[in-house]
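Enquirer: heads up, no residue letters with this:
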């Protein structure tokens with residue numbers, strides 16, 4: 001995309017803290033920050049990591065220009081020395097992340113930033129903004145795609161998105177989540193997400209008759225003709241006129257019709273009746289597309305009712321994740337480095353779910369060697385090694401009597417190094433590689449984890465050394 005200066009797209013307190021760190025001689029203090037989330041949207045069994053590509057672009061181009069510096073100077077809160085530091089700013093942190101398209105789970109670090117505290121702290125807003133948004137939409141898209149049971153899902157939500165970036169990046173995330181394409185043309189230009197679409201009701205209305213409108217479209221696109229049949233009356237007018245045009249304009253040119261689209265009414269009933277009419281006319285291969293405020297629940301119900309729909313166009317409820325429009329990722333300090341030693345940090349809370357896991361950590365996914373299915377995720381201290389040749393005991397970090405010994409397993413580290421001292425060293429996959437990888441990784445989850453209602457809880461456990469570190473800090477900082 002065109003480069004935009006997003007340096008000041010940050011919460012203001014990132015700047016006030018940065019100025020304070022600078023003033024107190026802490027600008028070179030090395031800090032460790034983790035991004036993680038606490039709850040899966042829609043009470044689902046898993047979420048999907050997305051947005052890393054855009055975060056990389058942001059970090060690669062993070063600079064403060066003269067206008068930024070002058071704006072901050074006029075706030076009359078920042079020292080000239082600090083402003084000069086910003087003028088010469090260059091990102092120099094290490095960044096580790098779980099790759100896009102990977103199923104992710106609550107409380108595991110999906111991204112870790114290590115470096116000078118001013119830099120690592122300052123990027124918090126954009127880390128959260130970018131990863132939260134695209135992970136939310138990719139997760140929602142995948143729920144809808146799974147509900148469609150192998151039928152194609154198209155993202156049709158641009159006009160209802162939360163702003164133009166919501167539309168552009170939402171289309172990218174939806175494609176990662178499994179949609180086959182988008183109505184958002186610019187996302188095709190920028191990312192290669194296939195742009196799809198045919199006509200609106202206004203096309204039908206602007207011609208003298210529905211038949212005239214269909215004929216004009218068929219003459220224009222005889223090799224890719226999908227007709228919108230619900231402008232006036234789907235079964236009495238739309239489908240009969242579509243069949244007439246298919247016979248008069250499409251077949252004589254040596255093509256077959258691609259489909260009809262139903263955008264209103266009782267889609268289950270209309271699609272079944274339309275299917276009968278198309279089949280009787282010899283158009284068994286003509287697809288039926290359904291749209292109109294769909295989501296995974298409605299699609300599942302339509303299919304239970306026997307709807308004869310081949311493709312779904314899903315708009316506002318996907319692009320805004322209307323049922324749960326927030327992905328609650330957070331960004332927390334977990335360690336600092338003093339005299340070459342990593343000092344773990346913990347955040348306490350009266351709410352047990354908000355107590356953080358301290359220290360510099362790694363995330364592992366354990367796979368059963370026979371089935372290839374994921375058993376659990378394990379968070380360890382970064383220097384721990386898992387010996388696959390020996391049984392490994394997992395235990396629930398909250399209910400420690402819940403234990404399971406795993407054997408004959410493969411342990412795979414999930415974190416990949418993205419930046420080394422501010423230089424991007426990650427070979428970025430293209431959008432289709434990410435999408436295919438996402439599908440492959442979701443296939444490693446048990447069906448019970450993928451249920452919509454009451455999915456099986458996929459366990460994210462702590463290693464014994466990490467659990468003991470956490471417990472020792474809880475005791476150390478507990479106030480009686």
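Expert: Perfect, thanks for sending it. Here the structure is a predicted model, which means the values were calculated and not measured.

Enquirer: residues contacting residue 255?
Expert: For residue 255, the contacting residues are 222-223, 225, taking C-beta atoms under 8 Å, 6 or more residues apart in numbering as the criterion. To be clear about C-beta, it is placed using only N, CA and C from the backbone, and glycine gets the same treatment.

Enquirer: Just the buried residues from these, in PyMOL please.
Expert: Burial among the contacts of residue 255 is assessed by 16 or more other C-beta atoms under 10 Å; the matching PyMOL selection reads:
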select buried, resi 222+225
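
Enquirer: Closest one of the contacts of residue 255 to residue 213?
Expert: Distance from residue 213 was checked for each of the contacts of residue 255 by C-beta to C-beta. The minimum falls on residue 225, at 12.2 Å.

Enquirer: How about the contacts made by that closest one?
Expert: Residue 225 is in contact with 217-218, 245-246, 249-250, 255, 257-258, counting by C-beta under 8 Å, 6+ apart.

Enquirer: What pLDDT is listed against it?
Expert: In this model, residue 225 is scored at 98, pLDDT.

Enquirer: From residue 281, how far out is it?
Expert: 15 Å (C-beta to C-beta, to the nearest Å).

Enquirer: Same question for residue 234.
Expert: The span separating residue 234 from residue 281 equals 15 Å under the rule C-beta to C-beta.

Enquirer: Which of these two has more residues huddled nearby?
Expert: Set side by side, residue 234 and residue 281 show more neighbours around residue 234, with 25 against 17, by other C-beta atoms under 10 Å.

Enquirer: ok, for that one, nearest residue in space, not its chain neighbours?
Expert: Spatially, and ignoring its direct neighbours in sequence, residue 234 is nearest to residue 270 (5.1 Å; C-beta to C-beta, 6 or more residues apart in numbering).

Enquirer: What distance do you get for the one you found to residue 236?
Expert: Counting by C-beta to C-beta, the gap between residue 270 and residue 236 amounts to 11 Å.

Enquirer: Outside of stretch 343-361 itself, list whatever touches it.
Expert: For stretch 343-361, the surrounding residues in contact (C-beta under 8 Å, 6+ apart) are 32, 34, 38, 107, 109, 112, 114, 332-337, 342, 379-382, 398, 462, 466, 469-470, 473-474, 477-478.

Enquirer: ok so, going back, which member of the contacts of residue 255 is positioned nearest residue 427?
Expert: Here the nearest of those to residue 427, counting by C-beta to C-beta, is residue 223; it sits at 37.8 Å.

Enquirer: The closest residue to residue 10 other than its chain neighbours: what's it in contact with?
Expert: The shortest distance from residue 10 to any residue that is not its chain neighbour, by C-beta to C-beta, 6+ apart, is 4.4 Å, and that residue is residue 125. By C-beta under 8 Å, 6+ apart, residue 125 lies in contact with 9-11, 14.

Enquirer: can we see that at 10 Å?
Expert: Contact analysis of residue 125 by C-beta atoms under 10 Å, 6 or more residues apart in numbering lists 6, 8-14, 331.

Enquirer: try residue 95
Expert: 33, 52, 55-56, 59, 111-115, 120, 123, 127, 415-420, 422, 424-426.

Enquirer: which regions of this protein sit below the pLDDT cut-off?
Expert: Per-residue confidence for the chain (pLDDT under 70) gives these ranges: 1-2, 479-480.

Enquirer: So for it, the centremost residue is which one?
Expert: Compute the mean C-alpha point of the chain, and by C-alpha atoms, centre = their mean the closest residue is residue 135, 2.3 Å away.

Enquirer: My guess is it contacts residue 55. True?
Expert: No - distance between residue 135 and residue 55: 11.3 Å, which falls outside the contact criterion (C-beta atoms under 10 Å).

Enquirer: Common neighbours of the two, please.
Expert: residue 100.

Enquirer: related to what we said a few turns ago, list only buried entries from the contacts of residue 95.
Expert: Burial by neighbour count, 16+ other C-beta under 10 Å: within the contacts of residue 95 this picks out 33, 52, 55-56, 59, 111-115, 120, 123, 127, 415, 418-419, 422, 424, 426.

Enquirer: Chain neighbours aside, what residue packs nearest to residue 185?
Expert: The spatially closest residue to residue 185, leaving aside those adjacent along the chain, is residue 195, at 4.7 Å (C-beta to C-beta, 6+ apart).

Enquirer: got the contact list for the one you found?
Expert: By C-beta under 10 Å, 6+ apart, residue 195 lies in contact with 171, 181-189.

Enquirer: show me the contacts for residue 143.
Expert: Residue 143 sits next to 41-42, 44-45, 48, 177-178, 295-297, 299-300, 318, 321, 323, 450, 452 when contact means C-beta under 10 Å, 6+ apart.
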